[in-house]
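Undergrad: just need the structure, nothing else, for what follows:
(one chain, ligands or ions: 1)
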Amino acid sequence: MSKIIDLRSDTVTHPTPSMRRAMASAEVGDDVYGEDPTVNRLEERAAELLEREAAVFVPTGTMGNQIAIHLHTVPGSEVVAEAGAHVFNFEMGAMAALSGALPRPIPTAMGILSPRQVEEAIQPRTGYRTPTRLLVLENSHNLAGGRVTPLDRMRDLIAVARAHHLPVHLDGARIHNAAAFLGISAAELARGCDTIMFCLSKGLASPVGSLLVGNADTVREARRIRKMFGGGMRQVGVLAAAGLVALDEMLPRLAEDHATAGTLARIIAAAPGVELDPATVETNIVFFSLAERAALTAPQLVAGLRERGVFSNALGPARIRMVTHYEISMEDAEHAGAQVADLLS
Ligand code: TLP
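TA: Just a heads-up that it's a prediction; the model follows:
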């Protein structure tokens, strides 16, 4: 059988041979005692990378986001975020279940909030309105097709939160993709946010792991919450070792995934019945819609592609997501795009 082209997510990436070697020879210790030297190195590297004081290694992006929400909110308070945000659409209601917090979702066309929208979503401080406690930003924005919130917009949104004494958490699962697109450092893009979560397990290809980054006091408190949420890990240097390789070897190549996504988008956009503006594909995520006149529904197209060895995900009857990563070559992107065009013709 020919190669499977797995575009369901960048989470499907396998650890690279150099990650496997680093994992096999990693120095380890009990991380709950703070004694795993490889975890300690990874946390220091992550803090340096974001130009912050400290970082804590967590098993998943979801846990990193939810620790941040727990840190910044109180039960019965509201979290403002864009309506497609991962923190309320894909985290199993965790902000309600674990922190007693309510989402205040704000719909946008492209996943990018305006300062005015945030201003309007923040509840006035009176005795009869649910208090707003946190603004969550997501950059790049997954459900919006990997869209990047530019630096000046980040600054403006953070300024609104500051003016209302609200902390800001950045769901930066793919912050390094966003920074690569903008040609700036992740530290610059994340400046002003109180906490930042970024994932090692997506385009960076580590098998497991995310980091929650912030100032020393915040991260100390995050460690307490991580333990409470069941995320205190022991000889986890075997995983952190892969993360260190990810930062050295995979981070600098993310723009290659943006190039393959761009090619894929251009081919798909030309297929009959497809609604997609390839100019909106800025990073490694391609979302497209099928018009009612299209030959197939999204689940039918996903099934047809699967038979041809191209894996993708349908979101509802008319939307499909494809994500590129280091296991997808330019040839694979061209081949996958051609299969979409052929099935829809
Ligand atoms: N995203 C996954 C799915 O959960 C949708 C994917 O395949 O893209 N923030 C953002 C913006 C994410 O896209 C994800 C994962 C997370 C947080 C959570 O990370 P994990 O899966 O490590 O909990």
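Undergrad: and the stretch 151-300 of the chain, which residues reach the ligand?
TA: With C-beta under 6 Å from any ligand atom as the criterion, the stretch 151-300 of the chain meets the ligand at residues 171, 173, 199, 201, 210. Bear in mind the C-beta positions are built from the backbone N, C-alpha and C, glycine included.
Undergrad: give me the nearest residue to residue 94, chain neighbours excluded.
TA: residue 66 (4.7 Å; C-beta to C-beta, 6 or more residues apart in numbering).
Undergrad: and the residue of the stretch 151-300 of the chain that's closest to the ligand?
TA: Of all residues in the stretch 151-300 of the chain, residue 173 sits closest to the ligand, at 3.4 Å by C-beta to the nearest ligand atom.
Undergrad: what about that residue, how many residues nearby?
TA: Using other C-beta atoms under 10 Å, residue 173 is surrounded by 28 other residues.
Undergrad: what's the answer for residue 16, then?
TA: Neighbour count for residue 16, taken as other C-beta under 10 Å: 18.
Undergrad: then residue 220?
TA: Other residues within reach of residue 220, judged by other C-beta under 10 Å, total 12.
Undergrad: for it, what are its contacts?
TA: Contacts for residue 220 (C-beta atoms under 8 Å, 6 or more residues apart in numbering) come out as residue 54.
Undergrad: what is the burial count for the residue of the chain found nearest the ligand?
TA: Closest residue of the chain to the ligand, C-beta to the nearest ligand atom: residue 61 (2.6 Å). Around residue 61 there are 27 other residues, counting by other C-beta under 10 Å.
Undergrad: out of the residues of the stretch 151-300 of the chain next to the ligand, which sit inside strands?
TA: Of those, the ones assigned to strands by DSSP state E are 171, 199, 210.
Undergrad: quick check: the first one touching residue 82?
TA: No. Residue 171 is not in contact with residue 82 according to C-beta atoms under 8 Å; the separation is 10.0 Å.
Undergrad: list residues touching both of these two?
TA: Counting by C-beta under 8 Å, 6+ apart, the contacts common to residue 171 and residue 82 are 137-138.
Undergrad: all strands of the stretch 201-345 of the chain, in order?
TA: Under the criterion DSSP state E, counting those that start in this stretch, the stretch 201-345 of the chain carries strands at the ranges 210-214, 274-275, 285-290, 310-311, 313-315, 319-323.
Undergrad: can you give the contact residues for the third one?
TA: With contacts defined as C-beta under 8 Å, 6+ apart, strand 285-290 is touched by 140, 142-146, 261, 264-265, 268-269, 273-276, 296-298, 301, 315, 318-324, 344.
Undergrad: buried members of those residues into PyMOL, please.
TA: Filtering the contacts of strand 285-290 down to the buried ones (16 or more other C-beta atoms under 10 Å) takes a single PyMOL command:
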select buried, resi 140+142+143+144+145+146+261+264+265+268+269+273+274+276+296+297+298+301+318+319+320+321+322+323+324+344
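Undergrad: between residue 171 and residue 82, which one's more packed in?
TA: Using other C-beta under 10 Å as the criterion, residue 171 and residue 82 rank with residue 171 on top: 29 against 25.
Undergrad: what's across from that one in the sheet?
TA: With DSSP bridges as the criterion, residue 171 is bridged to residue 138, residue 197.
Undergrad: now for it: which residues touch it?
TA: For residue 171, the contacting residues are 61, 65, 85-87, 136-139, 197, by C-beta under 8 Å, 6+ apart.
Undergrad: how does it look with 10 Å?
TA: Going by C-beta atoms under 10 Å, 6 or more residues apart in numbering, residue 171 touches 61-62, 64-65, 68, 81, 85-87, 91, 136-142, 193, 195-199.
Undergrad: same check, this time on residue 237
TA: 22-23, 26-29, 31, 35-42, 57, 243-244.
Undergrad: setting the sequence-adjacent residues aside, check what's closest to it.
TA: Once flanking residues are discounted, residue 237 sits nearest to residue 38: 3.1 Å by C-beta to C-beta, 6+ apart.
Undergrad: distance from the host helix or strand of the one you found to the middle of the chain?
TA: Using DSSP states H and E, the element containing residue 38 is helix 37-49. Chain-centre distance of helix 37-49: 20 Å, with C-alpha atoms, centre = their mean, to the nearest Å.
Undergrad: now do stretch 88-96
TA: In this view, stretch 88-96 has its centroid 15 Å away from the chain centroid, taken as C-alpha atoms, centre = their mean.
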